[in-house]
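Quick one: sequence and predicted model below, then my questions.
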Amino acid sequence: MSQMIIENLTKTVGEKTLFRAIEFTITSGEKTGLLGINGTGKSTLLSIIAGTEDADTISIDHPNTYRIAYLPQDPIVDPSLTVLEAVFQSDASVIRLNLNYEHALQALTENPDSEENQENFSKYQMQMDEQNAWDINTQARMILSKLGIETYDKNMEELSGGQRKRVMLAKTLIEPADLLLLDEPTNHLDVASITWLQDYIKNLSGAVLFVTHDRYFLDAISTSIFELADKTLYAHKGNYGDYIEAKALREEMNAATEDKLKNRYRSELKWIRRGAKARSTKQKARIGRFEELEQQVKGGSAKEEMDAGLKTSRLGKKVLEAKEISKSFNGNTVIHGFSAILQSGDRIAIVGPNGAGKTTLVNMFDGLLEPDKGIIERGTTVKIAYFKQHLPEMKENQRIIEFIRDTSNDIEDGEGNRISASQMLERFLFPTSAHGTPIGKLSGGERKRLYLLKLLMEQPNVLLLDEPTNDLDLETLSVLETFIDTFPGVVLTISHDRFFLDRTSTKLWVLDGMGNIETVFMSYTDYLENARFKETPKKVSEPVVTEEIPIEPVKETADKKKPTYNEKREWETIEKEIEETEEAISTTETEMSTCGADYDKLSDLTKKLNTLNERYEYLIERWSILEDLMKT
């Protein structure tokens, strides 16, 4: 079992110390998620381990034969290379042999009568046989295909930024490595590719250290967590859910309510995990309650920070309406005859395979593109903010407080209070001490967070979000999710982040890549599960005749209590009772929001809500106990 041991790692950028004298061990087989808010040095740590960036001080110990493969967040590619040439750029001899073979094959194809070309091809073909190098060639093509890259002879300069990242991911995955370093590997991947990558990484024998914003991906593959915070690295065993639970235990250990919070959190964690498997339509509400507990674990709730929603520009009755719109490029129809009416409060997720026309559709709603047929009508009060995948140019020397004040010195919240630009920066995780920092010193994720805040300071009433979760840390995502909760206008979101879409959308526009758009009223996870169920053929099993062999029953041990008849009956009804209580809580909260100055009614509803919440907590804990009993 190979290990990499790192000690006394310190790194300072300018006047900012990212980490000081940290130490950790990476063991073969471990799949470690690296967490921390943008700017804590996640990408820097990966590049130091990869050897592409220097540390101030560091001690590294690993075997002489230890090999590392590294996918940066923004990999540098030679635009003149073809896809296969880019994938086969490597120091590994077996991969270089594949590159030589591909060059020989291409030369022979172009001039088959050349004796030199024939000799070269025969030579490399023989070496491929001798070194058993065909597996690498097959693997490279398979991985490219799974990542949505089907044309191997295109030059890299012909590909989009997302396609280039996928090619470089394939290059990294075929490297013979003891340690894979992956910085945001799910960026620009559709759900099918993410699911494939998830399974692929799980089955790797080597170690993987990765940064991701995709919480489902993180929870599914991580066997340990490294957290960067306060210039220190904290190591946690287990996946993301285990990390959250462990943090709850650590931070609540000395609290008076330790036992109650611990049991409630564990039960809620089990409930949310069970809910994800069951694909319940109540999943969004469950995620919301779970996140409130999660934020308590993190020492403060983003919901508390954003409790008063920002005031938006007034939105009239008419918002946006698409009437039989169509759009084609080079004879290829991406949108055909689509009609929709957008109303205040709509939360729509736009999903579909890469290249299906998702960004094209949003660009038409924004007015950047005109439909070939049909029209899009916009209300006179509509004020759109469009958060695009790629940030606009930003002045490197401009300080972040000035960047925000260029839009507005302050902003009004939903209760009429004025919030200064400085206060808004703090809400978006920029401490006061950082407000004078030049933009040029910010990480990529910090820049995205800053630009997102700038758009929100414009007080729009329609938000268009194109892959907003790429490169954002989990804390920023939580703030954004909470903001969307309180946003009274329309939100259209393109994202492959399943957790984010489950959390923020109430319906889907599903693009099939052939111009058709289907409106679906369910969560994204529900939709994916239903689609997978429809695609899975039902197997009819043939009757099997077996010889009856008497089996001696296993005696129950004393500590394995069997559920009683009443407990079995309770188990059959408790999930329905939990869902009814969730519905009652939601209804009561809605009634409270419309009470106005009727303080007597508000008081009664508050008491009712407290009672319902207590009942909900009891039911969740009881459900957890019964679930364990049923397993016996």
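In hand now; what should we look at? Numbers count the residues shown, from 1 in each chain.

okay, CA-based contacts and neighbour counts for the rest of this
OK.

which residue is nearest the middle of the chain?
By C-alpha atoms, centre = their mean, the chain has its centre lying nearest to residue 214, at 2.1 Å.

quick one: contacts for that one?
Contacts here follow C-alpha atoms under 8 Å, 6 or more residues apart in numbering; on that basis residue 214 touches 186, 497, 498, 499.

Distance check, the most far-flung residue of the chain relative to its centre against residue 520.
Residue farthest from the centre of the chain, counting by C-alpha atoms, centre = their mean, is residue 115 at 53.1 Å. As defined by C-alpha to C-alpha, to the nearest Å, residue 115 lies at a distance of 61 Å from residue 520.

And residue 368, by the same measure?
Distance from residue 368 to residue 520, by C-alpha to C-alpha: 26 Å.

swap in residue 227?
In terms of C-alpha to C-alpha, residue 227 sits 38 Å off from residue 520.

who has more neighbours, those two?
residue 227 (18 against 15; other C-alpha atoms under 10 Å).

domain parsing for this protein?
Domain segmentation of the chain under automatic domain parsing yields 1-67+177-251, 80-174, 320-531, 565-630.

and after the helix or strand of the chain with the lowest mean pLDDT, which helix or strand comes next?
Sorted by mean pLDDT, DSSP states H and E, the helices and strands of the chain end with helix 302-305, the least confident at a mean of 41. Next along the chain after helix 302-305, taking DSSP states H and E as the criterion, comes strand 320-329.

other SSEs contacting the next helix or strand after that following strand?
Sequence order places strand 332-342 as the next helix or strand after strand 320-329, per DSSP H and E. Applying 3 or more C-alpha pairs under 8 Å, 6 or more residues apart in numbering; DSSP states H and E, one finds that strand 332-342 contacts strand 320-329.

What angle do strand 332-342 and the strand it packs on make with each other?
180 degrees (axes from the mean of the first three to the mean of the last three C-alpha atoms, to 10 degrees).

Which of the contacts of residue 214 sits closest to residue 14?
Of all the contacts of residue 214, the one sitting nearest residue 14 is residue 186; the distance, using C-alpha to C-alpha, is 30.3 Å.

in which helix or strand would I find the closest residue in space to that closest one that isn't next to it in sequence?
Take residue 186 and drop its neighbours on the chain: the residue closest to it by C-alpha to C-alpha, 6 or more residues apart in numbering is residue 194, 6.1 Å away. Assessed by DSSP H and E, residue 194 sits inside helix 191-202.

Contacts made by that helix with the rest, please.
Under C-alpha under 8 Å, 6+ apart, the answer for helix 191-202 is 31, 146, 147, 148, 186, 208, 217, 220, 221, 496.

Just those residues: which are in strands?
Taking DSSP state E, the ones among the contacts of helix 191-202 that sit in strands are 31, 208.

For the contacts of helix 191-202, which PyMOL command selects only the ones that are buried?
Filtering the contacts of helix 191-202 down to the buried ones (16 or more other C-alpha atoms under 10 Å) takes a single PyMOL command:
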select buried, resi 31+146+147+148+186+208+217+221+496
